[in-house]
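Enquirer: generate a structure from the sequence data that follows.
(chains A and B)
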Number of protein chains: 2
Amino acid sequence: MRWITLAAGALWLGTAPLGAQDKVTERATPASVVAASTPAEWTAIDPSDLLVMQLAPDARGARRQVIVQLVPPPFSQGWVGNVRTLARAHWWDGTSVYRVVDNWVAQWGDGEDEPRRAKPLPAGITKVPAMDFTAPLPCKVYLFQKKVLKEECDPAVTPLEGIDPYVLKGQTGFAAGWPVAFALEGDGNRIWPTHCYGTVGVARDLENTGTGAELYAVIGQPPRQLDRNIAIVGRVIEGIENLSTLPRGKGEAGVYKDAALRVPILSARLGSELPAAEQPRFEYLASTSKSFADYVHVKANRGDGFYKAPAGGIDVCNVGVPIRRVGAK
Amino acid sequence: MRWITLAAGALWLGTAPLGAQDKVTERATPASVVAASTPAEWTAIDPSDLLVMQLAPDARGARRQVIVQLVPPPFSQGWVGNVRTLARAHWWDGTSVYRVVDNWVAQWGDGEDEPRRAKPLPAGITKVPAMDFTAPLPCKVYLFQKKVLKEECDPAVTPLEGIDPYVLKGQTGFAAGWPVAFALEGDGNRIWPTHCYGTVGVARDLENTGTGAELYAVIGQPPRQLDRNIAIVGRVIEGIENLSTLPRGKGEAGVYKDAALRVPILSARLGSELPAAEQPRFEYLASTSKSFADYVHVKANRGDGFYKAPAGGIDVCNVGVPIRRVGAK
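Expert: Numbering: from 1, shown residues only, chains lettered A, B, ... in the order given. Presented below is the predicted three-dimensional model:
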């Protein structure tokens, strides 16, 4: 078992690269690393950064809740602001999940984008330029012996060693607990969140960037080709199965041909809008922590009894940042 | 838009590397490339290489069929032989889909492995060694200017340019229409199929390699860490939504705690066992064809109106080999 070698020209930013930390025991599992983490290594997610959606109950009468964590700065903040505005206006109440495509996405809203939209949007929705699909890298970088070095990114960017096929002149990694990619391009150093299972993005037409009213969640293989082509505003951190198990649509582009299949959205609220006792509390394992580095190392080099041939590498989506509930559900 | 550069030491086998073909038009889409392919570029899938499973109808009474294509030689043929034996013995009839884990797998069989199995296996089931998780590379290789060259693999192996984080000393590509990885290792040159969405593998316990009686299909992000650690015997080529939409299990490891949730398997037959008129006919776009090379190129370099920032690369699972029905369903 060995860590993958760093490719020439790969980027190094922020903390020590993952995999360079003290060796963890060979029998460690991702779960055992998380269990051994310290409370100080976890970061609370503010309820104001959650979108809590109540879908209509299922055929057995069971409650269906989906909780989305909104992506933090510097990512997609124009669209995230629109999502907050839409939630505060209760705009999604009475809309539906209307499109589900296997190994692709589940999508919700009122099913039309401007100018055909049936339900007017609330005041304050802004139009966001396509360049905001990515953000300026939140630190200056310099080159040293073909490596890019910088230690003061905010948020800190922790690189994942190894090359990613979707980032030609850059690297993947983690920022504030989110999978990201970053690159040195001709037009500046940019960083962006990556499309993984559960990622929530802003549906758009060919010639606009979307408002945030029509959202989708990825329910299959990571569609990394969408990175930098569409705005990512969040990720489902609880209840993804309430979207991934929905019947696949048979209409054009997977829209439900039978309108009766649409799943009504009863309400969508920011976590901070709920009564204090009902606000969901979550925390994530900080991507700058020792335990997170160990976790990535163990996931890339599985050495417990089941695995006979550790891969020696992993892709940014398959890492799966640990996120957990705080207190009772 | 440019194709990713080939890394030093990358492997080249079989046909011309993908991406080196004539440039396709910038507005081409994966669908337009497939539409422009010629009939000669498609290879028929023999019905004897299909496992056709009938699940119990859903709550609305709709038929639920799942069709698995079995992996061809040189891959996993010991387990594939067991699957054929089990199908011919009608062993799966009356068993069930009993385990479903979100973003992981749906699993079926009788729910127990040796020695606790309730339903005896038919005669002729063989025990397959773990070394058969991979196969010898079906051609000799030689080195030339740090590149590995060989032109007579059988089946032909078409490399995918670019580095894959799960293959340290090798490369991914396609063989007989299947996503594969291959490597030059200390113990010989090996090749193996990769775990992608829809891949069907052989569930096993810690200390055995599984028989093929308990199978799973991947219903989430590609669990590439399982490559070389478990036998891949097929892929779902139709009806994956009949597995991916099933309720997620709440018991240990995602097994249905409530036995009433188990989905009965009414029958599982090799396609060739069905009456001639009912035998499903499929074909795949040959991975050695010009159109397949164009298809990969276009998927890695999306240039149609929606995509403003083509990735310039793709991973082996995200390619999605085109497979289609021949004749009426």
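Enquirer: return the helix or strand in chain A with minimum mean pLDDT.
Expert: strand A:142-144 (a mean of 52; mean pLDDT, DSSP states H and E).
Enquirer: report the closest residue of the stretch 51-200 of chain A relative to chain B.
Expert: For the stretch 51-200 of chain A and chain B, the shortest gap (C-beta to the nearest C-beta) falls at A:Pro165, measuring 3.8 Å. For every residue, glycine as well, the C-beta is placed using N, CA and C.
Enquirer: tell me if I'm right that that residue and B:Ile163 touch.
Expert: Yes - the criterion here is C-beta atoms under 8 Å, and A:Pro165 meets it with B:Ile163 at 7.0 Å.
Enquirer: that older thread, which residue is the nearest non-sequential neighbour of the residue of the stretch 51-200 of chain A closest to chain B?
Expert: Closest residue in space to A:Pro165, ignoring its immediate chain neighbours: B:Gly313 at 3.8 Å, by C-beta to C-beta, 6 or more residues apart in numbering or on different chains.
Enquirer: try A:Leu243
Expert: Among residues not flanking A:Leu243 along the chain, A:Ala106 sits closest, at 3.9 Å (C-beta to C-beta, 6+ apart).
Enquirer: look up which helix or strand that neighbour falls in, please.
Expert: Secondary structure from DSSP states H and E places A:Ala106 in strand A:105-109.
Enquirer: does A:Ser272 sit in a helix, a strand or a coil?
Expert: A:Ser272 falls in the helix class when you classify it by DSSP: H, G, I helix; E, B strand; the rest coil.
Enquirer: tell me the contacts of it?
Expert: A:Asp46, A:Pro47, A:Ser48, A:Leu50, A:Gln279 (C-beta atoms under 8 Å, 6 or more residues apart in numbering or on different chains).
Enquirer: any chance you could map the strands in the stretch 101-250 of chain A?
Expert: A:105-109, A:135-136, A:142-144, A:147-149, A:157-159, A:170-175, A:178-185, A:188-193, A:199-202, A:215-218, A:232-238 (DSSP state E, counting those that start in this stretch).
Enquirer: confidence-wise, which of those strands is weakest overall?
Expert: Mean pLDDT across the strands of the stretch 101-250 of chain A is lowest at strand A:142-144; the value there is a mean of 52.
Enquirer: point out where chain A drops to low pLDDT.
Expert: A:1-26, A:113-115, A:140-151, A:185-187 (pLDDT under 70).
Enquirer: apply 50 and report the result again.
Expert: A:1-22, A:146 (pLDDT under 50).
Enquirer: so who does the closest residue to A:Arg281 other than its chain neighbours touch?
Expert: Excluding its sequence neighbours, the residue lying closest to A:Arg281 (C-beta to C-beta, 6+ apart) is A:Val326, at 3.9 Å. The neighbours of A:Val326, taking C-beta under 8 Å, 6+ apart as the test, are A:Ala44, A:Arg281, A:Phe282, A:Glu283.
Enquirer: mind putting those into a markdown table with neighbour count?
Expert: Shown next, in a markdown table, are those (neighbours: other C-beta atoms under 10 Å in any protein chain shown):
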| residue | neighbour count |
| --- | --- |
| A:Ala44 | 11 |
| A:Arg281 | 16 |
| A:Phe282 | 22 |
| A:Glu283 | 17 |
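Enquirer: name the nearest of those residues relative to B:Pro222.
Expert: B:Pro222 lies nearest to A:Phe282 out of those, by C-beta to C-beta, at 26.2 Å.
Enquirer: need the contact list for the closest one.
Expert: A:Ala44, A:Ile45, A:Leu50, A:Ile67, A:Gln69, A:Ile237, A:Glu238, A:Ile323, A:Arg324, A:Arg325, A:Val326.
Enquirer: thought the fourth one was touching A:Val236?
Expert: Yes - applying C-beta under 8 Å as the test, A:Ile67 and A:Val236 come out as touching, 7.0 Å apart.
Enquirer: with neighbour numbers in mind, choose between the two.
Expert: A:Val236 (24 against 20; other C-beta atoms under 10 Å in any protein chain shown).
Enquirer: partner residues bridging the more buried one?
Expert: A:Val68 (DSSP bridges).
Enquirer: repeat for A:Gln171
Expert: The partner residues for A:Gln171, given DSSP bridges, come to A:Phe182.
Enquirer: relative to A:Pro223, how far out is it?
Expert: Distance, A:Gln171 to A:Pro223, by C-beta to C-beta, to the nearest Å: 20 Å.
Enquirer: higher neighbour count, the two?
Expert: Ranked by neighbour count (other C-beta under 10 Å), A:Gln171 and A:Pro223 place A:Gln171 first, with 27 against 21.
Enquirer: surely that one and A:Ala181 touch.
Expert: Yes - assessed by C-beta under 8 Å, A:Gln171 is found in contact with A:Ala181 at 7.1 Å.
Enquirer: quick check: neighbours shared by the two?
Expert: Taking C-beta under 8 Å, 6+ apart as the criterion, A:Gln171 and A:Ala181 both touch A:Asp164.
Enquirer: wasn't the residue nearest to A:Pro165 part of a strand?
Expert: No - assigned with three-state DSSP, B:Gly313 falls outside any strand and is coil.
Enquirer: picking up where we left off before, and the contacts of A:Val326 as TSV, adding secondary structure?
Expert: Output for those, formatted as TSV (three-state DSSP):
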residue	secondary structure
A:Ala44	strand
A:Arg281	coil
A:Phe282	strand
A:Glu283	strand
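Enquirer: closest one of those residues to chain B?
Expert: Out of those, the member with the shortest distance to chain B (by C-beta to the nearest C-beta) is A:Phe282, at 17.4 Å.
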